[in-house]
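Asks: Build me a structure from this.
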Amino acid sequence: MKFIKFLLMGLLISAITGCKQPKDNPQVIPETFAVYSAKMPAPVDSIFRMILGPLGNDRRVVIYPELKGIPDSLNNIRKFLFPVDDVQAVYQAYKTDLITKETMTNSLRDRINDTILCTADYVKTFIAIVTGRSKTGVRYYLIDTNNNYELSDESLFIMRDKIPPDQPHKVIFERFKDGNILQDSTWITFYSYRNLDALWMKFCEQTITSFTFDSVKYNLVVYPEYGLGLEYRDNAIFEITDSIHGEKQVFENNQYAHLGDLYYKANCSVDGKTIFFTLDTTALEKGSTQVNMPAIPFEAVTLKGDTVLFPEDFKGKYVLLDFWSTSCPHCIDDIRNCYKDLYNKYGGDHFELIGIADDPESRVERFVSQNMITWTMIPAPKSSIQKSYRTKVYPALYLINPEGIIIAKGQELTKESINSVFERYLGQM
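Replies: Below you'll find the predicted structure:
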């Protein structure tokens, strides 16, 4: 009997022990993480925003290097030199007595404190382009692709008056980073500006990587806004696409990546090669200027003297936020020839237009009176509202849905496309 009791006891203990399954450890959600990307050429588009003039005889001409090896077969020579790091270029000219301290200070103005990150050693930070005409009148150009300021080893290309269909040119330059002079590279493209000596030019680079978060793969592209320079940090645009839905998130530096059910603030290094993510559990409360995020709340006084809380006072309505200025002809044209018609058609219980003017009250009042504007207008020159909405150019437009979420912005709301956007969301109301 004792044997049977011990046997039954053993079987019972085994059964109890066998029922205890090992528990999976819950996945640890990182508060911060970083990913690393590789620099690649970006596709060439039709938007060129930087005009590069030829080297003249101004007081800064001494900071530029001497270019050698320009073909004797060309005449009407024009030299274009662009310092990738203008602060370093000016500082090293000062340290070698090419310019005075006063000239350096006047050239850098509010960037003078950045010279602490520079070196007195010579850094070949310049990208050089030379144009000239042959005896038959054909205009050619050469690019110093290898950064030796010698053009005898470069190829001649025909200068086109339209955007070149070929790939951007890869160029090498130097930058001073972490106490060392390092070689770097980028891609540029350009074309003739209105048959004048000037060039339309832009940088065409991006950094690309992919990473996995909570078992979902994400593809990430980062590039400097507008192609005006090579500093990513404050000018970076992020594009993240997930492998499940294929939905693209587009946002700026220090804005939010939506990963799973979480929001991470994203920012990157100055060269765009390291991207940092920081968990922010208050992202939806703070809002953002990116599509599919709540609009940033603010309090303001209207031209009529009423205090409004946005978006709280406008819940249940679509709202078009229009950041504008009386000094912006394009803004005035849109107000007169587009927004007035939109407001007459959709304004009321379901739609409100809020103009936020970068002008004093008297100027806004005069404009509103002259143009018989009836929608909400807020005079807010250099206000915190512009700062929080990162207003860089006018007009800056945001369409917000009745729940306070941004559903369209920027190029989606140009005069040519805004009517179709409104028809899609408000056409059935």
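Asks: CA atoms for contacts and neighbours, from now on please.
Replies: OK.
Asks: Which secondary structure state does A93 sit in?
Replies: At A93 the chain is in helix, as set by DSSP: H, G, I helix; E, B strand; the rest coil.
Asks: residue ranges with poor pLDDT in the stretch 101-250 of the chain?
Replies: By pLDDT under 70, the weakly predicted segments of the stretch 101-250 of the chain are 163-166, 195.
Asks: can you give me the strands in it?
Replies: 126-133, 139-143, 157-158, 169-177, 180-192, 199-203, 205-213, 216-224, 236-242, 248-252 (DSSP state E, counting those that start in this stretch).
Asks: for the fifth one, packing partners?
Replies: Contacts of strand 180-192 with other secondary structure elements, assessed using 3 or more C-alpha pairs under 8 Å, 6 or more residues apart in numbering; DSSP states H and E, are made with strand 169-177, strand 199-203.
Asks: now those strands as CSV including distance to K382 and mean neighbour count?
Replies: As requested, the helices and strands packed on strand 180-192 are exported to CSV (distance: least, C-alpha to C-alpha, whole Å; neighbours: other C-alpha atoms under 10 Å):
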stretch, distance to K382, mean neighbour count
strand 169-177, 34, 18
strand 199-203, 29, 23
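Asks: Among the ones you listed, which comes closest to E416?
Replies: For E416, the closest of the helices and strands packed on strand 180-192 is strand 199-203, at 24.8 Å, according to C-alpha to C-alpha.
Asks: how about the strands of the stretch 101-250 of the chain in a markdown table, adding distance to K265?
Replies: Output for the strands of the stretch 101-250 of the chain, formatted as a markdown table (distance: least, C-alpha to C-alpha, whole Å):
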| stretch | distance to K265 |
| --- | --- |
| strand 126-133 | 34 |
| strand 139-143 | 39 |
| strand 157-158 | 44 |
| strand 169-177 | 25 |
| strand 180-192 | 27 |
| strand 199-203 | 26 |
| strand 205-213 | 15 |
| strand 216-224 | 14 |
| strand 236-242 | 11 |
| strand 248-252 | 10 |
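Asks: Any idea how many residues pack against H258?
Replies: With neighbours defined by other C-alpha atoms under 10 Å, the count for H258 comes to 16.
Asks: quick one: the helices in the stretch 201-350 of the chain?
Replies: Per DSSP state H, counting those that start in this stretch, the stretch 201-350 of the chain has helices spanning 283-286, 329-334, 340-346. These are given in chain order.
Asks: Let's have the ones you listed in TSV, adding mean pLDDT, mean neighbour count and distance to F213.
Replies: Converted to TSV, the helices of the stretch 201-350 of the chain look like this (pLDDT from 0 to 100; neighbours: other C-alpha atoms under 10 Å; distance: least, C-alpha to C-alpha, whole Å):
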stretch	mean pLDDT	mean neighbour count	distance to F213
helix 283-286	95	14	19
helix 329-334	94	15	42
helix 340-346	93	15	42
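Asks: mind putting these in a markdown table, distance to E205 included?
Replies: As requested, these are arranged in a markdown table below (distance: least, C-alpha to C-alpha, whole Å):
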| stretch | distance to E205 |
| --- | --- |
| helix 283-286 | 30 |
| helix 329-334 | 30 |
| helix 340-346 | 39 |
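Asks: Minimum distance to R390: which of those has it?
Replies: helix 283-286 (14.2 Å).
Asks: gap between the closest one and the chain center?
Replies: Relative to the chain's own centre, helix 283-286 is displaced by 21 Å; criterion: C-alpha atoms, centre = their mean, to the nearest Å.
Asks: which residues in the stretch 301-429 of the chain form strands?
Replies: Using DSSP E, counting those that start in this stretch, strands in the stretch 301-429 of the chain cover 307-310, 318-324, 351-357, 376-379, 396-400, 406-409.
Asks: Pull up the pairing partners for the last one, direction included.
Replies: In other words, strand 406-409. Applying DSSP bridges, strand 406-409 is found paired with strand 396-400 (antiparallel).
Asks: Am I right that N371 is in contact with R336?
Replies: Yes: with contact defined as C-alpha atoms under 8 Å, N371 counts as touching R336 (7.4 Å).
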